[in-house]
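Asks: need a 3D model of the sequence below.
(one chain, ligands or ions: 1)
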Amino acid sequence: MSIGDDLLNQIKIKIDSKLFSFQVKEEIYNPVFQKILKEAKRNNSEIYCQCNNVKMQIKNLKDKFYLSSYPNRKKQHSEFCSFSEKVDNFYTRENNQFILENLNLFLASNSNSKIRTGLNRENRKYTQFSGLILNLLDSAYSQAFNIKNKGKDRLSKDLKNPEFELFLKAFVKNFINLKLKSGYDFYKNFKEKGLSFKTGKVYKIGDNFIKTKTFFKGEFITENIKIKEEILKNSLKNVQIFDKFISPPYFFFLVKKKRTVQKLFLYPVVDSKYFLPVESEFEREKIKKFSEKYCVYKPVLINSINSVLTKKYSLIYNKSNSVIPRPDLFVFTGEEIVIVEIFGMDNDKYLERAKEKEEFYKNLEKPFRYGKLVKR
Ligand SMILES: [Zn+2]
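Replies: Residues are numbered from 1 along each chain as shown. Okay, the predicted model is just below:
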């Protein structure tokens, strides 16, 4: 079972009679969906945001296609819809760089809105802070994977999982290279406000502290960091699925002002020297097992899939004209690329969506193969 899909897909767009769903607005720039938008624009398709059946339009600028609300309809979106005025477009990825609307919005975002592991469906909007960090995580993970396996065919037996440290370096680099929409340097602004950040692994949670390992001058150091109960509680909502709590270790990222932690982001990972994100305990157990034998990739968002598969295999993966699904796991065996869906829960909605995904996988050509793991 992945947290993804039904729970995650907060954006649902209907183009003519076809329904597409996304986790974040940014996935609109996925090459596959760009093609769909291009065609839809040419065909004058009817487009609706499914939050409240709000009519939308496609705009194109340079080579990119955007979905946008008609000015008089902007207010019709539900409060939690990514197209609503309240949760506006706060960053886009251009030239592999993240662009943030502004620093104040980033800091002001309410940390008690959970991002992806939404227990309450109505409360699963992305905040600027957590949405951004999740995107940086996804991006840094794929970068670390690609650095580790540079120049290697994805059917090579020599593929390796990226170390946590390699991932962290990519993450930090991306964070300090953030740009603000005004062109102003985000990190410079961040420091001028007296802010600092810390990132690494959390492996224990207390009532008002986290026990962390952070990477400092070439090695990991252990540190207890004090965190207000309220902030901690809110961050912990991100590591729950339904009522199930996913235990540490977590990847963490926090923002501090002087000695006070203002923001905390947590994401469950496998306990290993590699960076291996997970979305449930069952998944953790399975991914750990696979990773001991093979190189694996667990897509956190859909954005990174193409770059990890490299052009050669993403062309095969994207061959179908429908929106490509985000599998729970890719396993690179050296002979095939096995797509694994991990079913830890028999939620009807989830299984329905999984059926659609399975249809997609069944039509995939070699070297892809579909495999299914069911909790018994
Ligand atoms: Zn909407």
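Asks: residues from the stretch 201-350 of the chain in reach of the ion?
Replies: Remark: no part of the stretch 201-350 of the chain is in contact with the ion, using Cβ under 5 Å from the ion. For every residue, glycine as well, the C-beta is placed using N, CA and C.
Asks: can you report how many residues neighbour residue 363?
Replies: For residue 363, the count of nearby residues is 12 (other Cβ atoms under 10 Å).
Asks: ok, residue 101 next?
Replies: For residue 101, using other Cβ under 10 Å, the count is 16.
Asks: begin at 585 from now on, thanks
Replies: Sure, I'll start numbering at 585, so the last one becomes residue 685.
Asks: surely it meets residue 763?
Replies: No. At 10.9 Å, residue 685 does not count as touching residue 763 under the criterion of Cβ atoms under 8 Å.
Asks: gap between residue 893 and residue 738?
Replies: 6 Å (Cβ to Cβ, to the nearest Å).
Asks: please say which of those two ends up with more neighbours.
Replies: It is residue 893, of residue 893 and residue 738, that has more neighbours when counted by other Cβ under 10 Å, with 22 against 19.
Asks: what touches both of residue 893 and residue 738?
Replies: Counting by Cβ atoms under 8 Å, 6 or more residues apart in numbering, the contacts common to residue 893 and residue 738 are residue 921.
Asks: what's the burial count for residue 919?
Replies: 11.
Asks: so it sits in a strand?
Replies: No. Counting by DSSP: H, G, I helix; E, B strand; the rest coil, residue 919 is not part of a strand but coil.
Asks: quick check: chain neighbours aside, which residue is closest to it?
Replies: residue 739 (6.7 Å; Cβ to Cβ, 6 or more residues apart in numbering).
Asks: so who does that neighbour touch?
Replies: With Cβ under 8 Å, 6+ apart, residue 739 has these contacts: 916, 918-921, 951.
Asks: give me the neighbour count for residue 733.
Replies: By other Cβ under 10 Å, neighbour count at residue 733 equals 21.
Asks: the lengthiest strand in the chain pairs with which strands?
Replies: Counting residues, the longest strand found in the chain (DSSP state E) is strand 779-789. The pairing partners recorded for strand 779-789 under DSSP bridges are strand 793-800 (antiparallel), strand 834-841 (antiparallel).
Asks: ranking those strands by burial, who's on top?
Replies: The highest mean neighbour count among the strands paired with strand 779-789, using mean count of other Cβ atoms under 10 Å, belongs to strand 834-841: a mean of 22.
Asks: who touches it?
Replies: With contact meaning Cβ under 8 Å, 6+ apart, strand 834-841 is reached by 691, 713, 717, 721, 755, 759, 777-787, 794, 796, 809, 811, 823, 845-853, 859, 861.
Asks: do a quick rundown of the helices in the stretch 785-934 of the chain.
Replies: All helices of the stretch 785-934 of the chain, identified by DSSP state H, counting those that start in this stretch, fall at 813-820, 865-877, 889-901, 932-946.
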